[in-house]
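> Just a sequence and a predicted model for now, questions to come.
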Amino acid sequence: MSDIDSLEKEIMGAIAASGDDAALEAVRVAALGKKGSVSELLKTLGAMSADERKVKGPLINGLKDRVTAALADKKEAFAAAALQHRLETERVDITLPVRTEPLDPGAGRLHPVGQVTDEIIAIFADMGFQLADGPDIELDDYNFTKLNIPPEHPARQMHDTFYMRPDANGARHVLRTHTSAVQIRHMLAQKPPYRIIVTGRTYRSDSDQTHTPMFHQVEGLVIDESTHMGHLKWTLEEFCKAFFEVKSVTMRFRASHFPFTEPSAEVDIQCDRSGSEVKFGQGNDWLEILGCGMVHPKVIANCGLDPSRYQGFAFGCGVDRMAMLKYGMPDLRAFFESDLRWLKHYGFSLLEQPSLAGGLTR
Ligand code: PHE
């Protein structure tokens, strides 16, 4: 047996005997590494005569190719064995039934506010809106002044604001009275175009059947160089159809006033309240659901952008109110009483993620 044959036998034996990747790598280095046995053989080709090289060249190169292939085969076998091992140890018993309800139906239900927030986000995410947020304790400047509500403006009274004590520099914080403050934060921090949706807690010192000191809002902001009122109408109509899960809605845009939009509108949707539940898309009643408008040029300028170049719309609506309308809860205060009987009745299963493809509610 030639030297080449016996070397091959030896290397092949070592490959077959190696038990893991590390051992195999050691065999590879010993054979094909810089100073490996096969590499050394290859180096001898240079010193050979042309005739000798013609004979030995193919032999040595053939050895190298077979060793390389055997190493690759063994490596593949290790990978396959590792995968097989994982498949066996990480097996999931798919015949087990999925539990759609928590063991105790009163506990572990998703609050309607969380559900409705997820539904609204799913709808706007589908339209290409990005989620943005800001803090509950907000600068007076962002909650009011930069939104074109200067210190003496009467709108400040209407917001029943919770004020914090001024800090050492005299800057006053407030519990944000609306999510519109996040418009300012976002515009100051990012470059246009903007297409964002914001959801979160808001606070006003107010309490009755339809008002609680803490409530939830969702805010939308779209700014670029060409967005107009028509886009706003289309966006809100598509949103309402998707949210109330109806084929068509009739909406009414009523002229209104917000210091940070011009023109401004309040939006009502047509509904039927004659029966025990509210029905959308029919009837003679109108329900106000949100405020909106074209972002005021002063607000755009306050955020350092050129209002002759950038324009767009904003809207804001109460999440709790939307939940009451869609799911028929009569009293807002019950939302925050943590009564398990209420949660059991109105809560949602944690396993049902709202999506436009899978359905908002099932
Ligand atoms: N921030 C307003 C409110 O809380 C709603 C609104 C948002 C109106 C955006 C217009 C544009 O009442």
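That came through fine.
> The closest residue to the ligand within the stretch 201-350 of the chain: what's it in contact with?
Closest to the ligand within the stretch 201-350 of the chain is residue 316: 2.7 Å, counting by CB to the nearest ligand atom. Any C-beta I mention is one placed from the backbone N, CA and C, and that applies to glycine too. Shown in contact with residue 316 (CB atoms under 8 Å, 6 or more residues apart in numbering): 178-180, 217-220, 290-292.
> Alongside the ligand, which residues does the chain contribute?
178, 180, 219, 258, 261, 291-293, 314-316 (CB under 6 Å from any ligand atom).
> In JSON lines: those residues, plus pLDDT and secondary structure.
Listed next are the residues of the chain next to the ligand as JSON lines, based on pLDDT from 0 to 100; DSSP: H, G, I helix; E, B strand; the rest coil:
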{"residue": "178", "pLDDT": "96", "secondary structure": "coil"}
{"residue": "180", "pLDDT": "97", "secondary structure": "coil"}
{"residue": "219", "pLDDT": "97", "secondary structure": "strand"}
{"residue": "258", "pLDDT": "95", "secondary structure": "strand"}
{"residue": "261", "pLDDT": "98", "secondary structure": "strand"}
{"residue": "291", "pLDDT": "97", "secondary structure": "strand"}
{"residue": "292", "pLDDT": "98", "secondary structure": "strand"}
{"residue": "293", "pLDDT": "98", "secondary structure": "strand"}
{"residue": "314", "pLDDT": "98", "secondary structure": "strand"}
{"residue": "315", "pLDDT": "98", "secondary structure": "strand"}
{"residue": "316", "pLDDT": "97", "secondary structure": "strand"}
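> In the chain, which residue is most central in space?
With distances taken as CA atoms, centre = their mean, the residue of the chain nearest its centroid is residue 131 (6.7 Å).
> The protein - how does it break down into domains?
Structurally, the chain divides into domains by automatic domain parsing as follows: 3-89, 111-349.
> gap between the two ends of the last one?
Going back to what we said before, that points to domain 111-349. The stretch domain 111-349 measures 9 Å between its terminal residues, going by CA to CA, to the nearest Å.
> now swap in stretch 212-231 and tell me
The first and last residues of stretch 212-231 sit 32 Å apart, counting by CA to CA.
> Can you point out the buried residues in that stretch?
By neighbour count on 16 or more other CB atoms under 10 Å, the buried set for stretch 212-231 is 212, 215-223, 227.
> Could you list which of the residues you listed belong to strands?
215-223 (DSSP state E).
> Give the single residue among the residues you listed positioned nearest to residue 358.
residue 218 (20.9 Å; CB to CB).
> and that closest one, what are its bridge partners?
On the basis of DSSP bridges, residue 218 is bridged to residue 199, residue 317.
> thinking it is in contact with residue 199, fair?
Yes - here residue 218 reaches residue 199: they are 4.7 Å apart, a contact under CB atoms under 8 Å.
> any chance you could map the helices in the protein?
Secondary structure of the chain (DSSP state H): helices at 3-17, 21-32, 37-44, 50-89, 112-126, 140-143, 155-158, 181-189, 229-244, 297-302, 319-327, 340-346.
> What helices and strands are in contact with the longest one?
Contacts of helix 50-89 with other secondary structure elements, assessed using 3 or more CB pairs under 8 Å, 6 or more residues apart in numbering; DSSP states H and E, are made with helix 3-17, helix 21-32, helix 37-44.
> packing partners for the first one?
Put plainly, it is helix 3-17. Going by 3+ CB pairs under 8 Å, 6+ apart, helix 3-17 lies up against helix 21-32, helix 37-44, helix 50-89.
> one more time with 6 Å, if that's ok
Under the contact criterion of 3 or more CB pairs under 6 Å, 6 or more residues apart in numbering; DSSP states H and E, helix 3-17 touches helix 21-32, helix 50-89.
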